[in-house]
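S.K.: Show me the folded form of this:
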Amino acid sequence: MTVPLPKLKWMYEQMVKIRYYEETMVAVYAEGKQPVFNIGAGTVPGEMHLAAGQEPAAVGICAHLQKKDTVTAPHRPHHHAIAKGVDLKRMTAEIFGKKTGLGKGKGGHMHLFDPHVKFSCGGIIAAGIPHAAGAALAAKMKGKDSVAVAFVGEGAANAGAFHETLNLAALWKLPLIVVIEDNAYGISVPKSESTAVKTNDRRAAAYGIPGVYVEDNDPVEMYRVSEEAVDRARRGEGPSIIEIETYRYLGHFQGDPEIYRNPEEVPLLRKKDPIHRLITLLEEQSVSSGELEQMEIRARQEVDEAYEFARNSSYPDPAEALEDVFHRAEVNV
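M.R.: Coordinates of the predicted model:
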């Protein structure tokens with residue numbers, strides 16, 4: 001299909017923004033962790049899961065979403081958050097552990113929440129699917145045409161929450177789309193050694209719902225199948241599964257030695273980079289190199305400003321540690 005030019009431009013700019021954000025984080029995350037890697041040290045302590053290469057999965061479906069639609073994401077969430085429109089400055093500040101962050105610096109990069117655009121994520125495998133189904137159920141009960149999208153990795157399709165949720169979503173015809181990002185590895189385990197079916201879209205048949213597999217990290221095909229799934233959900237016809245073959249250029253986490261991967265794998269994947277494919281499509285539609293450059297400059301500027309905002313923000317006061325969290329109340333009997 002031909003993606004409308006405004007949508008194609010949006011997808012390109014978002015993918016450039018995501019890629020630059022993740023590549024910048026590679027350098028920022030390394031600060032203070034050398035010469036010996038220490039996961040708890042540096043500007044951004046803790047684990048870091050980056051999504052460079054997986055941009056089509058996020059932008060292809062978010063191009064069809066509205067502010068009222070819900071998105072849940074897993075432990076590798078930055079591309080989903082950016083494509084959904086999460087406040088980039090507050091998101092980056094949260095990752096830095098600063099008080100100006102989305103969660104006042106208490107959540108970190110795996111726990112980003114922005115209710116203004118209905119986005120959330122978490123580190124528990126497959127846990128976002130029931131949350132998305134809850135949002136879909138609420139929309140249906142209120143008579144709204146909002147949809148919910150749950151992004152998961154291919155390993156999550158083996159979890160109980162995946163199957164239990166899809167069973168109910170199909171039974172109740174919930175406006176839910178589950179997007180499975182098949183980046184070939186569940187941490188370090190190849191998909192072929194963990195999953196009985198070749199592609200997880202086949203599992204849709206067990207629930208009587210549509211399932212589609214997008215090959216070769218194709219952003220245009222992801223846009224096409226997502227349009228069908230979102231429209232179907234808005235019409236009240238129930239859930240869908242989309243699995244996209246996507247590519248993780250970096251390790252499962254930063255600091256991952258990646259001894260489970262053939263060293264030739266990533267260079268070969270980068271030769272068919274999805275951003276380069278979109279550049280070719282835009283050029284075929286007479287978008288000039290100057291306009292492409294301006295989109296890239298705009299995306300990079302937004303990212304740079306977000307990182308600067310995070311660096312210049314203050315850390316929360318230790319006295320605030322127990323604020324905004326659940327705790328047992330003392331009850332006098």
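S.K.: where are the low-confidence patches of the chain?
M.R.: Flagging of the chain using pLDDT under 70 yields the residue ranges 1, 327-333.
S.K.: Can you show me the strands along it?
M.R.: Assigned strands in the chain, in chain order: 70-73, 113-114, 119-121, 148-153, 176-182, 185-186, 189-190, 211-214, 240-245 (criterion: DSSP state E).
S.K.: Those strands into CSV, with extra columns for distance to residue 318 and mean neighbour count?
M.R.: (Each C-beta comes from the backbone N, C-alpha and C, glycine too.) Formatted as CSV, those follow (distance: least, CB to CB, whole Å; neighbours: other CB atoms under 10 Å):
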stretch, distance to residue 318, mean neighbour count
strand 70-73, 29, 28
strand 113-114, 22, 18
strand 119-121, 26, 24
strand 148-153, 34, 28
strand 176-182, 37, 28
strand 185-186, 37, 20
strand 189-190, 39, 12
strand 211-214, 47, 21
strand 240-245, 43, 26
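S.K.: do you know which of those strands lies nearest residue 35?
M.R.: Closest to residue 35 of the strands of the chain is strand 185-186 (CB to CB; 27.8 Å).
S.K.: Which residues does the closest one contact?
M.R.: For strand 185-186, the external contacting residues (CB atoms under 8 Å, 6 or more residues apart in numbering) are 153, 154, 155, 191, 194, 248, 252, 260, 261.
S.K.: pretty sure the fourth one contacts residue 154?
M.R.: Yes. Using CB atoms under 8 Å, residue 191 is in contact with residue 154, at 5.5 Å.
S.K.: what's the overlap in contacts for those two?
M.R.: Shared contacts of residue 191 and residue 154, defined by CB under 8 Å, 6+ apart, are found at 182, 184.
S.K.: need the strands of the chain in a markdown table with distance to residue 86, can you?
M.R.: Formatted as a markdown table, those follow (distance: least, CB to CB, whole Å):
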| stretch | distance to residue 86 |
| --- | --- |
| strand 70-73 | 9 |
| strand 113-114 | 4 |
| strand 119-121 | 5 |
| strand 148-153 | 13 |
| strand 176-182 | 17 |
| strand 185-186 | 26 |
| strand 189-190 | 30 |
| strand 211-214 | 24 |
| strand 240-245 | 21 |
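S.K.: And the ones you listed: which comes nearest residue 29?
M.R.: Residue 29 lies closest, by CB to CB, to one member of the strands of the chain: strand 119-121, at 17.7 Å.
S.K.: Mind naming the longest helix for the chain?
M.R.: helix 5-30 (DSSP state H).
S.K.: Fine, thanks again, bye for now.
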